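Q: Need coordinates for the following:
(one chain, ligands or ions: 1)
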Amino acid sequence: MKFFVDTAETKDIHELAATGLLDGVTTNPTLIAKSGRKILDVIAEICAIVPGPVSAEVAATDYENILREAKVLRRIATNVTIKVPLTPDGLRACKYLSSDGAMVNVTLCFSAAQALLAAKAGATFISPFVGRLDDVGQDGMELISDIVTIYRNYEALHTQVLVASVRSPMHVIHAAKIGAHVATLPPAVLRSLYAHPLTEKGLTTFLADWQKTGQTIA
Ligand code: G3P
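A: Numbering: from 1, shown residues only. Have a look, this model is predicted:
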């Protein structure tokens, strides 16, 4: 399973990329706004840190302007992935961009029917928002399970399921059990995957016992 980080904070991205476990980055207009930086600058900086796919979202909603913005974003780096909304114009742009060789991430997916359309439009990634579905009393992970099942039924569909709006390590574990290809995680969730109280406790004991031996490994 690939791990992407869902942030536009380059300090976090630098730190997480150094682990060697980061496969890509996703951003959205809210995250860019939070960074307080210009989208072209921040995406260029992220692309220089992470060689994997870096999602940059268009702000336009009509076909022509989505393509115009996509052209600008694609010029930044070859690993830019164009993020388009799951709308008729967004999917039309997805079809055009993917046949033109661009990676496309279709965002704001809340149903299996939408995911099927995105795959038919040639999306590289489909982003179902699990946390936001949970927030309104629907089961986000059930949607992931449905999409993975549907995609597996058709060999011709190559779209990767990118689990988005992840709120906890349990979302990540469920997504992995289902076989989702990617999860994009807020930095705090990605860091929390390392943690277990028994790991910390065990390490403390090992270090204390080691010190008693007076040895060094050299
Ligand atoms: O980038 C899309 C998605 O991950 C947003 O998550 O937490 O704003 O629902 P959230």
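Q: rest of the way, CA atoms for contacts and neighbours
A: Fine.
Q: Return the distance of the residue positioned nearest the centre of the chain relative to residue 116.
A: For the chain, the residue sitting closest to the mean C-alpha position, by Cα atoms, centre = their mean, is residue 184 at 3.1 Å. Distance, residue 184 to residue 116, by Cα to Cα, to the nearest Å: 20 Å.
Q: residues contacting the residue in the chain positioned nearest to the ligand?
A: In the chain, the residue that lies nearest the ligand is residue 165 (3.3 Å; Cα to the nearest ligand atom). By Cα atoms under 8 Å, 6 or more residues apart in numbering, the contact set of residue 165 is 128-132, 184-185.
Q: and what of residue 133?
A: When contacts are counted by Cα under 8 Å, 6+ apart, residue 133 touches 110, 139-140.
Q: Going through those, which ones are buried?
A: Among the contacts of residue 133, those classed as buried by 16 or more other Cα atoms under 10 Å are 110, 140.
Q: how about low-confidence regions in the protein?
A: Applying pLDDT under 70 to the chain picks out no residues at all.
Q: That one against the ligand: which residues are in contact?
A: 6, 27-28, 131-132, 164-165 (Cα under 6 Å from any ligand atom).
Q: Check those against residue 205 and report the nearest one.
A: The closest of those to residue 205 turns out to be residue 6 (Cα to Cα; 35.3 Å).
Q: Would you check that the closest one makes contact with residue 185?
A: Yes: here residue 6 lies in contact with residue 185, judged by Cα atoms under 8 Å, at a distance of 5.2 Å.
Q: Okay, strands next: where are they in the chain?
A: When secondary structure is read from DSSP state E, the chain shows strands at 2-6, 24-26, 54-57, 80-85, 103-109, 125-128, 160-163, 182-185.
Q: ok, the residue nearest to the residue nearest to the centre of the chain when sequence neighbours are not counted to residue 186 distance?
A: Leaving aside its chain neighbours, residue 184 sits nearest to residue 4 (4.4 Å; criterion: Cα to Cα, 6 or more residues apart in numbering). According to Cα to Cα, residue 4 and residue 186 sit 9 Å apart.
Q: Looking at these two, which has the bigger crowd around it?
A: residue 4 (29 against 19; other Cα atoms under 10 Å).
Q: residues in contact with that one?
A: Residue 4 neighbours (Cα under 8 Å, 6+ apart): 22-26, 182-185.
Q: for residue 95, same thing?
A: Contacts of residue 95 by Cα under 8 Å, 6+ apart are 121-123.
Q: redo that, cut-off 10 Å
A: Listed by Cα atoms under 10 Å, 6 or more residues apart in numbering, the contact set of residue 95 reads 89, 102, 104, 118-123.
Q: cool, residue 115 as well?
A: 86, 106-109, 121, 123, 125-128, 143-144, 146-148, 150-151, 159, 161.
Q: Dump the contacts of residue 4 to a markdown table, plus distance to residue 39.
A: Formatted as a markdown table, the contacts of residue 4 follow (distance: Cα to Cα, whole Å):
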| residue | distance to residue 39 |
| --- | --- |
| 22 | 21 |
| 23 | 21 |
| 24 | 17 |
| 25 | 14 |
| 26 | 13 |
| 182 | 24 |
| 183 | 23 |
| 184 | 19 |
| 185 | 20 |
